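Colleague: What shape does this take:
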Amino acid sequence: MKIIAWNCNMAFRKKAEFILAYNPDIAVISECENPEKLKFADEIKTPTDILWYGTNPHKGLGVFSYGDFRFQLLDCHNPSFKNILPIAVTGGKIDFTLFAVWANNPEDKDGAYVTQVWKAINHYADLIQETKTILIGDFNSNTIWDKPRREGNHSTVVQTLESKQIFSTYHKYYNQIQGKEQHPTLYMYRHENKPYHLDYCFASNDFIEVLESVEIGSYKDWTMHSDHKPLIIKFNI
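Modeller: You can find the predicted model right below:
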């Protein structure tokens, strides 16, 4: 099972071919236009299922299946967290809960980015289980920006997930330390000298045990398309 997360920087209909070259089973696309505007070229593979959420028709969160997987936004979704979507994934070799993440809510005065994730993982605590759980997308956060007095910083998010045996696939695969990542997922303003790691796939330990590969797109290959690079995760399922 291959899952790709990418903040496409809008206009996914013009960029889908670059993601499809990696043959994803599921693609979680931040800053994606709504389905009514997704007019793919004839030669582009059509998704078998789409779940989209957002208030701006040009810039929401899209989840795409390119196989047997089907998506259902769970009734417990709290719109206060906007683009952190609890989704039941069914139809494939394994059913699981997917949290598609684009941590971006300027309306929240407590914090627009990692605070959204912190609130969500506490709100959905009963749903976030030690098995069959994946959280993936643009978290807009990193330990380097921790504010010690803020309870819901990046490190506390990581620690809370780890207490449920849910781990970052990238950090497990490459044996990296939070805040000292060697592979950036964002180059701010597309400048090569402003690299950051902001995109993550956290997976429960049953997925970690079958983690096959983790890949992050290069600056050279992806900067013409977006300031973010795709995060490509493959599980041996």
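Colleague: Kindly provide the distance from Val101 to Lys14.
Modeller: Distance of Val101 to Lys14, computed by CB to CB, to the nearest Å: 23 Å. Every residue, glycine included, has its C-beta placed from N, CA and C.
Colleague: brain fart, Thr156
Modeller: 38 Å.
Colleague: buried residues in stretch 21-41?
Modeller: Neighbour counts over stretch 21-41 (16 or more other CB atoms under 10 Å) mark Pro24, Asp25, Ile26, Ala27, Val28, Ile29, Ser30, Glu31, Cys32, Glu33, Asn34, Leu38 as buried.
Colleague: should've said stretch 71-86
Modeller: Buried residues in stretch 71-86 (16+ other CB under 10 Å): Phe71, His77, Phe81, Lys82, Asn83, Ile84, Leu85, Pro86.
Colleague: Return the subset of those residues lying in helices.
Modeller: Counting by DSSP state H, no part of these is found in helices.
Colleague: quick one: which of these is nearest to Tyr170?
Modeller: Nearest to Tyr170 among the buried residues of stretch 71-86, counting by CB to CB, is Ile84 at 19.2 Å.
Colleague: So what sits opposite the closest one in the bridge?
Modeller: Beta-bridge partners for Ile84, by DSSP bridges, are Val101.
Colleague: Distance to His58 and pLDDT for the buried residues of stretch 71-86 - can I get that in CSV?
Modeller: Converted to CSV, those look like this (distance: CB to CB, whole Å; pLDDT from 0 to 100):
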residue, distance to His58, pLDDT
Phe71, 21, 98
His77, 22, 95
Phe81, 21, 86
Lys82, 15, 85
Asn83, 14, 93
Ile84, 20, 96
Leu85, 18, 98
Pro86, 24, 98
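Colleague: is it possible to export these to CSV including distance to Tyr173?
Modeller: Putting these into CSV (distance: CB to CB, whole Å) gives the following:
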residue, distance to Tyr173
Phe71, 26
His77, 30
Phe81, 28
Lys82, 29
Asn83, 26
Ile84, 24
Leu85, 25
Pro86, 25
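Colleague: Which helix or strand contains the residue nearest the centre of the chain?
Modeller: Nearest to the geometric centre of the chain sits Gly137, at 1.2 Å (CA atoms, centre = their mean). According to DSSP states H and E, Gly137 maps onto strand 133-138.
Colleague: From the contact counts, what lies against that strand?
Modeller: strand 2-7, strand 26-32, strand 96-102, strand 199-204 (3 or more CB pairs under 8 Å, 6 or more residues apart in numbering; DSSP states H and E).
Colleague: which residues are contacting the helix or strand of the chain with the lowest mean pLDDT?
Modeller: The weakest-scoring helix or strand in the chain, judged by mean pLDDT, DSSP states H and E, is helix 114-123 (a mean of 94). Here helix 114-123 makes contact (CB atoms under 8 Å, 6 or more residues apart in numbering) with 78, 80-82, 84, 99, 101, 103-105, 108, 110, 128, 135, 139-141, 145, 150-154, 156-157, 160-161.
Colleague: quick revisit: between Val101 and Lys14, tell me which one has more neighbours.
Modeller: Val101 (27 against 15; other CB atoms under 10 Å).
Colleague: From Lys45, how far off is the more buried one?
Modeller: 24 Å.
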